[in-house]
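>>> quick one: sequence plus predicted model below, questions after.
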Amino acid sequence: DQQVKQNSPSLSVQEGRISILNCDYTNSMFDYFLWYKKYPAEGPTFLISISSIKDKNEDGRFTVFLNKSAKHLSLHIVPSQPGDSAVYFCAASPEGAQKLVFGQGTRLTINP
Amino acid sequence: GAVVSQHPSRVICKSGTSVKIECRSLDFQATTMFWYRQFPKQSLMLMATSNEGSKATYEQGVEKDKFLINHASLTLSTLTVTSAHPEDSSFYICSAWPPTGGVNEKLFFGSGTQLSVL
């Protein structure tokens, strides 16, 4: 049972435009959400997170939106840069837990 | 920031041999570390939670006798894949939370180990 789903395995965006990566979850106990970026043969690196008490968190070019009623979150990257090309994972955690549940990942390709 | 070091980065071994992967927290003490596995084009799946000084907690479907975890110190956890078979070929990643955090802190990941069993 996939509790965290990233339904788009890949996304291609023109450099300078906005990249929008989506993530859906099913477990209503999740209350903390994170996005990670991963290059091949490397461990994930943290990008941005959001608590369920918020609906938006922004950090530079990265903004995460959370829609609790729809159990949906999205990561916006603007403007997109070639260095953003990587696999992006969303992850979720129930309150007080340290274990993360990851989505399947979305491979983002930024075209020059 | 906090750093987690994982070694080796790549292992190629024959079927039936055992492989040990080390995960170290370099500038902080980690009472808990996590071991994940990622198959190609799939998600990171939590295998087990490594607890310093006590037994590891394994996720459902993960064989504890096959994936031996030892967390003997506050900076080192090891994962040993015993009697490895080709289906164990995967990318193994460890992670740890910095000491000030629970889930609201950033989870730091090692660089991963690509295991290929021939």
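Here it is on my side, so go on. Numbering: from 1, shown residues only, chains lettered A, B, ... in the order given.

>>> tell me the secondary structure at the residue in chain A positioned nearest to chain B.
Of all residues in chain A, A:Gly43 sits closest to chain B, at 3.5 Å by Cβ to the nearest Cβ. (Glycine included, C-beta is placed from N, CA and C.) Secondary structure, DSSP: H, G, I helix; E, B strand; the rest coil: A:Gly43 is coil.

>>> contacts only, for the closest residue to it other than its chain neighbours.
Counting by Cβ to Cβ, 6 or more residues apart in numbering or on different chains, B:Phe109 is the residue found nearest to A:Gly43 once chain neighbours are left out, at 3.5 Å. By Cβ atoms under 8 Å, 6 or more residues apart in numbering or on different chains, the contact list for B:Phe109 reads A:36, A:43-45, B:4, B:93-95.

>>> do the same with B:Cys94
By Cβ under 8 Å, 6+ apart, the contact list for B:Cys94 reads B:4, B:6, B:21, B:23, B:33-36, B:50, B:77, B:79, B:109-110.

>>> chain A contacts on chain B?
When proximity is defined as Cβ under 8 Å from any Cβ of the partner chain, chain B approaches chain A at B:4, B:6, B:9-10, B:32, B:34, B:36, B:41-46, B:49, B:91, B:93, B:95, B:97, B:102-104, B:106-112, B:114.

>>> shaky segments in chain B?
Residue ranges of chain B with pLDDT under 70: B:1-2, B:99-106.

>>> hang on, the earlier thing: for the contacts of B:Cys94, give me TSV that also has secondary structure.
Listed next are the contacts of B:Cys94 as TSV, based on three-state DSSP:
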residue	secondary structure
B:Val4	strand
B:Gln6	strand
B:Ile21	strand
B:Cys23	strand
B:Met33	strand
B:Phe34	strand
B:Trp35	strand
B:Tyr36	strand
B:Ser50	strand
B:Ser77	strand
B:Leu79	strand
B:Phe109	strand
B:Gly110	coil
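
>>> for the residues you listed, which single residue is the most surrounded?
B:Ser77 (31 neighbours; other Cβ atoms under 10 Å in any protein chain shown).

>>> and the buried ones among the residues of chain B next to chain A, selectable in ChimeraX?
Buried subset of the residues of chain B next to chain A, written as a ChimeraX selection, criterion 16 or more other Cβ atoms under 10 Å in any protein chain shown:
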select /B:4,6,32,34,36,43,44,45,46,49,91,93,95,97,103,106,107,108,109,110,112,114
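
>>> so which of the residues of chain B next to chain A are in strands?
Counting by DSSP state E, these place B:4, B:6, B:10, B:32, B:34, B:36, B:44-46, B:49, B:91, B:93, B:95, B:108-109, B:114 in strands.
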